[in-house]
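Asks: Sequence plus predicted model, see below.
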Amino acid sequence: MLLSLVVLAGLYLSLQVYLSGQSLAAVSLVAFLGLTIYVYTATRAYNYRYLFPGLVAVLLFVILPIAINFSIGFTNYSSKHLLSFSQATKYFLDQTYTEDGHTLAFTLHPDGAAYRIRLEAEDGSIFQTPPLALHATKVNVNAQPPVAGDAPLAAAVDTRTLIQNLKALKLVAIHLPNGMTVSAAGLREFAPVRKQYVKAADGSLVDQQDGAVLRPDMTEGFYKNAAGEAMQPGFTTGVGFAHYVRIVSDRALSEPLAQIFIWTVVFAGLSVVFAFSIGVILAVLMNWEALAGRGLYRVLLFIPYAVPGFISILVFKGLFNENSGEINLLLGHLFSINPNWFTDPFLAKTMLLIVNTWLGFPYMMLLCMGLIKAIPADLYEASAIAGAGPLTNFFKITLPLIAKPMTPLLISAFAFNFNNFVIVALLTGGRPDFLGTKIPAGTTDVLVSYTYRIAFEDSGQDFGLASALSTVIFLMVVLLSLVNMRISKTHTSEPA
């Protein structure tokens, strides 16, 4: 019973998707419904019934977004090319114009639950429609001159009621005795409304007002007139590897991209180094049995990890405020300096590393504390007998023994910081910007935040280029993951 309801709902949804013009999505949905029916009804597919929901989740939330993003990277999809070719064509074919010199003033009069429309031509001729219901459907009605003895019309509706019914009035076509058909052309007028464009046999669009011809340019994704001017809206078309070539060849894009890539690697690497260095030192101190109040210290040091990261970032943004932040107030009082944390590129990068280290060291500390606990105490006892000090123990025993199990985790942390969009977006927004760039690019941008700015902050909102960049970033992260898996496998296969 439940499966039947799901199938019926799915078929209804597929129909609605198809009617909206998304035929590929509708076919995919029907295919998915067929697969669902097979999995939950066929005996041979019994074992897949338990895996099917998980596989569907992976398909919808992992594979499908990757595939869509990958496909967009081969198109010119942007704010100027949002529509498909068929949608753009339909837009032009739906455009209308009114003929000059044939307008008729109109008023709307209630008649019970319906309405009557009164038209008055420029020569004083008057026409009235029979009562009609105004709905969101097309209506064809004849209008005739009033006849002596007809009941007078009720008072015309006010402007507010007229505006409320204007959308339905635009769907009313009134046929006059002289053969003319008029439709609503404004708030107070009816006029002959004609299609502005008609489609020719060769696929071009002909303007019925002036005879101009629009031809589709499948390379640039626009309809163009005889002068070569692009007509909005544009449509999406394939561009092949043009975006990937542009990433490499366009200096306006490649020069800031190269600097951003270098900074991304430096940011991710230094974040891991600083967080690990502080984390392992604190872990050693927290395992020092002679230290009083270790439990309290552990709780206090864990706070940065317990507080949601976006809250900590916004708090630090206030602390680093150049005019009223506590950090600058303190530095000004002690050293008479007022650093420009948000306008100086070097200081902005330093601020990012400070905040990211603050957010990351508790995680490293927890990992190192657990690994240090696993080191046999006999090693430290033998080292003490040999006369070794704390530094020798750290560099000769502690660090080498935790380095191997920490390596895959450090690589994972590097991959995370490589795509750390949140801290850049909330703290600096990628700014201060590079000067003289066509596409907005900041000195503190990482690759993922740069991609975001191309997609959503640039005046052109170039989604195709952003998708190509995100695909490159995805491949980089895949490479890091493969390296991580290889190293993890190597450590697992090594004898203890």
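Replies: Good, I have the coordinates.
Asks: Any figure for the gap between Pro408 and Ala268?
Replies: 16 Å (CB to CB, to the nearest Å). Backbone N, C-alpha and C define where each C-beta goes, glycine included.
Asks: same check, this time on Ala57
Replies: Here the criterion is CB to CB. By it, Ala57 lies 29 Å from Ala268.
Asks: Repeat that for Thr137.
Replies: Going from Thr137 to Ala268 by CB to CB gives 59 Å.
Asks: quick revisit: neighbour count winner among Ala57 and Ala268?
Replies: The neighbour count for Ala57 versus Ala268, taken as other CB atoms under 10 Å, is higher for Ala268 (21 against 10).
Asks: check which helix or strand covers His333.
Replies: Assigned by DSSP states H and E, His333 belongs to helix 326-335.
Asks: for that helix, which positions count as buried?
Replies: Neighbour-count burial for helix 326-335, counted by 16 or more other CB atoms under 10 Å, picks out 327-328.
Asks: Could you identify the helix or strand that succeeds it?
Replies: Next element after helix 326-335 (DSSP H and E): helix 345-373.
Asks: Give me the contact list for the helix or strand just after that following helix.
Replies: Moving toward the C-terminus from helix 345-373, the next helix or strand (DSSP H and E) is helix 377-385. With contacts defined as CB atoms under 8 Å, 6 or more residues apart in numbering, helix 377-385 is touched by 392-393, 396-397.
Asks: and Val182, backbone torsions?
Replies: phi -120, psi 150 (degrees, to the nearest 10).
Asks: Let me see the contact set for the nearest residue to it once chain neighbours are set aside.
Replies: Using CB to CB, 6 or more residues apart in numbering and skipping residues adjacent in sequence, the residue nearest Val182 is Phe190, 4.3 Å away. Contact analysis of Phe190 by CB under 8 Å, 6+ apart lists 103-104, 106, 117, 119, 174, 182-184.
Asks: again, 7 Å this time
Replies: Listed by CB atoms under 7 Å, 6 or more residues apart in numbering, the contact set of Phe190 reads 104, 106, 119, 174, 182-184.
Asks: What strand or helix carries it?
Replies: Phe190 belongs to strand 189-191 when assigned by DSSP H and E.
Asks: now the strands for the chain?
Replies: With DSSP state E as the criterion, the chain has strands at 96-98, 104-111, 114-120, 126-128, 139-142, 172-175, 181-184, 189-191, 193-195, 197-199, 205-207, 213-217, 222-224, 230-231.
Asks: Can you lay out those as TSV showing distance to Ala403 and mean pLDDT?
Replies: Shown next, in TSV, are these (distance: least, CB to CB, whole Å; pLDDT from 0 to 100):
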stretch	distance to Ala403	mean pLDDT
strand 96-98	73	82
strand 104-111	82	94
strand 114-120	83	94
strand 126-128	92	95
strand 139-142	79	92
strand 172-175	80	92
strand 181-184	77	90
strand 189-191	82	91
strand 193-195	74	83
strand 197-199	70	94
strand 205-207	68	95
strand 213-217	59	96
strand 222-224	58	96
strand 230-231	59	95
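Asks: doesn't Tyr223 make contact with Met231?
Replies: Yes. At 4.6 Å, Met231 and Tyr223 qualify as touching, with contact defined as CB atoms under 7 Å.
Asks: the more surrounded of the two?
Replies: Tyr223 (24 against 16).
Asks: low-confidence ranges in the chain?
Replies: The model of the chain has pLDDT under 70 over residues 1, 100-101, 458-460, 491-496.
Asks: Got the domain ranges for it?
Replies: Listed by automatic domain parsing, the domain ranges of the chain are 2-77, 96-195, 245-493.
Asks: Can you lay out the ones you listed as JSON lines showing distance to Asp210?
Replies: Below are the domains of the chain laid out as JSON lines (distance: least, CB to CB, whole Å):
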{"stretch": "domain 2-77", "distance to Asp210": "29"}
{"stretch": "domain 96-195", "distance to Asp210": "10"}
{"stretch": "domain 245-493", "distance to Asp210": "30"}
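Asks: I'd like to know which of those is closest to Leu83.
Replies: Checking those against Leu83 by CB to CB gives domain 2-77 as the closest, at 10.0 Å.
Asks: just how off-centre is that closest one within its chain?
Replies: 22 Å (CA atoms, centre = their mean, to the nearest Å).
Asks: How about stretch 81-96?
Replies: Using CA atoms, centre = their mean, the offset of stretch 81-96 from its chain centre is 24 Å.
Asks: Start and end of that stretch, how far apart?
Replies: Taking CA to CA, to the nearest Å, the first and last residues of stretch 81-96 lie 22 Å apart.
Asks: Tell me the buried residues in that stretch?
Replies: Applying 16+ other CB under 10 Å to stretch 81-96 flags 81, 85, 88-89, 92 as buried.
Asks: Leu282 and Phe394: what is the separation?
Replies: Taking CB to CB, one finds Leu282 at 13 Å from Phe394.
Asks: Neighbour count for those two, which is higher?
Replies: Neighbour count, other CB under 10 Å: between Leu282 and Phe394, Leu282 has more, with 20 against 15.
Asks: for that one, what are its contacts?
Replies: With CB under 7 Å, 6+ apart, Leu282 has these contacts: 301, 365.
Asks: Would you quantify the distance from it to Arg194?
Replies: Taking CB to CB, one finds Leu282 at 78 Å from Arg194.
Asks: coming back round to it: mind listing the shared neighbours of Met231 and Tyr223?
Replies: Leu214.
Asks: Please enumerate residues in contact with stretch 399-418?
Replies: For stretch 399-418, the surrounding residues in contact (CB under 7 Å, 6+ apart) are 264, 267-269, 271-272, 276, 356, 367-368, 371-372, 375, 477, 480-481, 483-484, 487-488, 491.
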